[in-house]
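Colleague: Have a look at this prediction, sequence included:
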Amino acid sequence: MLESRIITENLSFAYKNKSIIGNVNLNVDPGQVLVILGPNGIGKSTLLNCLSGVLTKYNGKISVNEKDLSELTTKNLSHQVALVSQGVSIKSSLTLFDYLLLGRTSFHSIFEQPDEHDEKVVANVIEEIGLIDYRNISLQNMSGGQRQLAIIGRALAQEPDILIMDEPTSALDYKNQTVVLKLIRELSNKDISIIMSTHDPNQAQIIGDEVGLLIDNKTYLQGSTNEILNDKNLSKLYGTSILSTYNESVNRKIFGIGMD
Ligand SMILES: Nc1ncnc2c1ncn2[C@@H]1O[C@H](COP(=O)(O)OP(=O)(O)OP(=O)(O)O)[C@@H](O)[C@H]1O
């Protein structure tokens, strides 16, 4: 029987006295993809930062691989959960290869150098993110989209059980969005659990097993993509008309803004 990878019980978070998220009861199984949707400023990044251990002053409980997240050491946590933050800008002189090797840091003591296995992991990741030609190019000489793929690659180099991604495709063109969505599908086939936020419900339709809606600071609704992702829920969530049409050639609904 499948154990859950990540579960929250009555999770809530407030900045000072301002409540941001509340009553979040979330559940992700091994290999599941959970897509979080919600309007600007509703608390998606806050939620993802709680789940990845960046924000620690939450209330309620977060369990990762059946252990209380608050009791995990930093090292232990980084072997289980990796975060791709929103809009991180890296303009480093490190080559792509050396940057991804940083993702292996927690596997060694500060006196140890990366070994052959680390190099192998990084080489595989570079192939997965489609940047073989950029292996020895420094990040400052790469485009914004390529750097975004590099950030995802660094998280993958951690070999996590759970990958948390905050709007991972926001800087990417259609081809690279497809690269990332395919990668997510492959990772999920390898039993890695993914939690990602996006403003594009079509991405949830394409790769989401489950969808989580952050409705307000007291309400989180999670269910299967089929059950949750519809015009009525999305129009209510975003406060504007969202309409879908069924596209036979891709065999799924396509969502768009319903301008009058
Ligand atoms: N460090 C902070 N201190 C105080 N308030 C904050 C801080 N960071 C975020 N907030 C507030 O918390 C709320 C939720 O922000 P968050 O970034 O989680 O939203 P989001 O859903 O990810 O938004 P977006 O879709 O625009 O990226 C916002 O009202 C924001 O102003």
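Modeller: Arrived safely.
Colleague: name the element residue 82 belongs to?
Modeller: strand 81-84 (DSSP states H and E).
Colleague: What strands flank that strand, and is each parallel or antiparallel?
Modeller: Strand 81-84 has the following strand partners under DSSP bridges: strand 162-166 (parallel).
Colleague: and the strand holding residue 82, is it in reach of the ligand?
Modeller: No. Strand 81-84 lies apart from the ligand when judged by CB under 6 Å from any ligand atom; the minimum separation is 13.2 Å. Bear in mind the C-beta positions are built from the backbone N, C-alpha and C, glycine included.
Colleague: Show me what that strand is in contact with.
Modeller: For strand 81-84, the surrounding residues in contact (CB atoms under 8 Å, 6 or more residues apart in numbering) are 6, 48-49, 51-54, 64, 103, 151-152, 155-156, 158, 160-166, 168.
Colleague: Assign the closest residue to residue 53 other than its chain neighbours to helix, strand or coil.
Modeller: Among residues not flanking residue 53 along the chain, residue 77 sits closest, at 5.0 Å (CB to CB, 6 or more residues apart in numbering). Here residue 77 is helix, with the state taken from DSSP: H, G, I helix; E, B strand; the rest coil.
Colleague: Ends of stretch 159-173, what's the gap?
Modeller: By CA to CA, to the nearest Å, the extent of stretch 159-173 from end to end equals 26 Å.
Colleague: Give me the pLDDT for the closest residue to residue 107 other than its chain neighbours.
Modeller: In space, and not counting its chain neighbours, residue 107 is closest to residue 118: 6.9 Å by CB to CB, 6+ apart. pLDDT for residue 118: 94.
Colleague: Next, the contact list for residue 118, please.
Modeller: Taking CB under 8 Å, 6+ apart as the contact definition, residue 118 lies against 101, 104, 107, 108.
Colleague: what about residue 51, distance to residue 75?
Modeller: Residue 51 is 18 Å from residue 75, where distance means CB to CB, to the nearest Å.
Colleague: beta partners of the closest residue in space to residue 33 that isn't next to it in sequence?
Modeller: Nearest residue to residue 33, sequence neighbours excluded (CB to CB, 6+ apart): residue 194, at 4.6 Å. Following DSSP bridges, residue 194 is listed with bridge partners residue 33, residue 163.
Colleague: quick one, what contacts residue 194?
Modeller: 32, 33, 34, 162, 163, 164, 165, 184, 187, 188.
Colleague: let's see 7 Å
Modeller: Going by CB atoms under 7 Å, 6 or more residues apart in numbering, residue 194 touches 33, 163, 165, 184, 187, 188.
Colleague: Tabulate these (JSON lines), appending distance to residue 22 and neighbour count.
Modeller: JSON lines is the format used below for the contacts of residue 194 (distance: CB to CB, whole Å; neighbours: other CB atoms under 10 Å):
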{"residue": "33", "distance to residue 22": "24", "neighbour count": "25"}
{"residue": "163", "distance to residue 22": "25", "neighbour count": "25"}
{"residue": "165", "distance to residue 22": "23", "neighbour count": "25"}
{"residue": "184", "distance to residue 22": "28", "neighbour count": "24"}
{"residue": "187", "distance to residue 22": "30", "neighbour count": "18"}
{"residue": "188", "distance to residue 22": "29", "neighbour count": "18"}
